[in-house]
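Chemist: structure for the following, please:
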Amino acid sequence: MIGTMSPVLVQPAFAKINLALGVAAPLPAGHPRAGFHEIASWMAPLRLHDEVRVERCAAGERAFAVEWAVDALRPTPIDWPHERDLAFRAWRLLESETGAAMDCRVTVRKRVPVGAGLGGGSSDAAACLLLLAHAFAPRTPRGRLRELGATLGSDVPFFIDDGPVNAPPRSALVTGLGEGLERVPTAPATVCLFMPPFGCPTGPVYRAFDALAGRDPGKGAEASRVRRLATASGALESRDLFNDLTAAAEVVAPGLAGLRRTVSSAVGAPVHLTGSGSCCFAVLPAGAEASVGGRWVEAARALGCAAVMTDLAVGAE
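Modeler: The predicted model follows:
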């Protein structure tokens, strides 16, 4: 972990799920962000995480690498150029912001599946900004890091909280086009995650959503409903959660509905999409971990899905 004098800094980059996600109809023509969708999302961090490592180098030396951890759930080819990787872009962005050369070796060791709606790339970028600021620009305010992160992706600011650098972020109510960020407590809970053997590309999912929402062009993001869920006291209940993109994702990936039904039966709780998918989750009732056990994992894997049980990451509130 982080030590003030250490030349090597390492920290987890936590995944996230959308416990609730309300999506509005697209903004109308004439709006500066026409075609975009305002959201209201209750986002929570998971113990499942990537790992970002920053090692100081001699002047002029630098390297960047992305690799899969040996215990990764579903390794896929790392076939994108460094220039497209959000963590690499975060490194270059902070150098541009500070005007300082940040000579180091950055390594991202991934466990969070790519393109699953779990925010792995955004979390990697946030971890990179936090570590590099700690090492090279310690006076950079967290608020400024969030502003920089927002230029990389709308989920990045969620992962940059005001607590210790290597602590998980607190849960949050995220509204608007991602610019609204209100922290809320993270309730302890165990989550069953499963990743189907296919993706749900974000663009097609939103286009399918628009086609469905065309019947209701005045649809809002239901921020008040999401806020009530995010600020309610008591145990987290899977039956209370929702995701407005689920029907659209099932249009894009027709096999998703059947997978959700099968795994829901095995878990004994409703199964929800996170983000635009294709990863899905169920929140287990308190004390149900042992009884659910391997039953749902076997069901998910029989369908070709990667599966894991993890907890919400409760840090310092």
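
Chemist: what are the buried residues along stretch 18-33?
Modeler: Neighbour-count burial for stretch 18-33, counted by 16 or more other Cβ atoms under 10 Å, picks out 18, 19, 20, 21, 22, 23, 24, 25, 26. Bear in mind the C-beta positions are built from the backbone N, C-alpha and C, glycine included.

Chemist: again, but for stretch 7-20
Modeler: 9, 10, 11, 12, 13, 14, 15, 16, 17, 18, 19, 20.

Chemist: the first one and residue 107: what is the separation?
Modeler: In other words, residue 9. Taking Cβ to Cβ, to the nearest Å as the measure, residue 9 falls 11 Å from residue 107.

Chemist: what is in contact with these two at once?
Modeler: 53, 55 (Cβ atoms under 8 Å, 6 or more residues apart in numbering).

Chemist: averaged pLDDT, the longest strand anywhere in the chain. What do you get?
Modeler: For the chain, the strand with the greatest residue count under DSSP state E is strand 39-56. The average pLDDT for strand 39-56 rounds to 95.

Chemist: check which helices and strands that strand is in contact with.
Modeler: strand 8-23, strand 104-110, helix 120-136, strand 171-176, strand 190-195, helix 223-231, strand 306-311 (3 or more Cβ pairs under 8 Å, 6 or more residues apart in numbering; DSSP states H and E).

Chemist: and the closest residue to residue 67 other than its chain neighbours, bridged to which residues?
Modeler: Sequence neighbours aside, residue 109 is the residue nearest to residue 67 in space, at 5.7 Å (criterion: Cβ to Cβ, 6 or more residues apart in numbering). Assessed by DSSP bridges, residue 109 has beta-bridge partners residue 51, residue 67.

Chemist: pretty sure residue 109 contacts residue 53?
Modeler: Yes: counting by Cβ atoms under 8 Å, residue 53 is a contact partner of residue 109 at 7.0 Å.

Chemist: count the residues that sit near the closest residue in space to residue 283 that isn't next to it in sequence.
Modeler: Leaving aside its sequence neighbours, residue 283 sits nearest to residue 238 (Cβ to Cβ, 6+ apart; 4.0 Å). A count of neighbours around residue 238, defined by other Cβ atoms under 10 Å, yields 21.

Chemist: next one: the one 3 residues further on
Modeler: For residue 241, the neighbour count with other Cβ under 10 Å is 22.

Chemist: ok, now residue 210?
Modeler: 16.

Chemist: could you number the chain from 31 rather than 1 from now on?
Modeler: Got it, first residue is 31 now, which makes that one residue 240.

Chemist: now the angle from whichever helix or strand it is part of to strand 38-53?
Modeler: Here residue 240 is covered by helix 232-243, with elements defined by DSSP states H and E. Here the directions of helix 232-243 and strand 38-53 differ by 20 degrees (axes from the mean of the first three to the mean of the last three Cα atoms, to 10 degrees).

Chemist: state the mean pLDDT of helix 232-243.
Modeler: For helix 232-243, the per-residue pLDDT averages 89.

Chemist: what is it packed up against?
Modeler: Partner elements for helix 232-243 (3+ Cβ pairs under 8 Å, 6+ apart): helix 276-282.

Chemist: now do whichever helix or strand comes after the helix it packs on: distance to the chain's middle.
Modeler: For helix 276-282, the following helix or strand on the C-terminal side (DSSP H and E) is helix 285-297. The chain centroid and the centroid of helix 285-297 are separated by 22 Å under Cα atoms, centre = their mean, to the nearest Å.

Chemist: low-confidence ranges in the stretch 131-280 of the chain?
Modeler: 244-248 (pLDDT under 70).

Chemist: rerun that using 50 as the cut-off
Modeler: Applying pLDDT under 50 to the stretch 131-280 of the chain flags no residue at all.

Chemist: list the buried residues in the helix or strand hosting residue 117.
Modeler: Assigned by DSSP H and E, residue 117 belongs to helix 116-128. The neighbour-count check on helix 116-128 (16+ other Cβ under 10 Å) flags 116, 117, 118, 119, 120, 121, 123, 124, 125, 127 as buried.

Chemist: and residue 195, what is it in contact with?
Modeler: With Cβ under 8 Å, 6+ apart, residue 195 has these contacts: 32, 41, 160, 161, 164.

Chemist: could you dump the residues you listed into a markdown table with distance to residue 334 added?
Modeler: Listed next are those as a markdown table, based on distance: Cβ to Cβ, whole Å:
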| residue | distance to residue 334 |
| --- | --- |
| 32 | 39 |
| 41 | 33 |
| 160 | 36 |
| 161 | 36 |
| 164 | 41 |
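
Chemist: relative to residue 146, which of these is nearest.
Modeler: Nearest to residue 146 among these, counting by Cβ to Cβ, is residue 41 at 21.3 Å.

Chemist: and the closest residue to that closest one other than its chain neighbours, which of the three is it?
Modeler: Excluding the flanking residues, the one nearest residue 41 by Cβ to Cβ, 6+ apart is residue 196, at 4.1 Å. The local conformation at residue 196, judged by DSSP: H, G, I helix; E, B strand; the rest coil, is coil.
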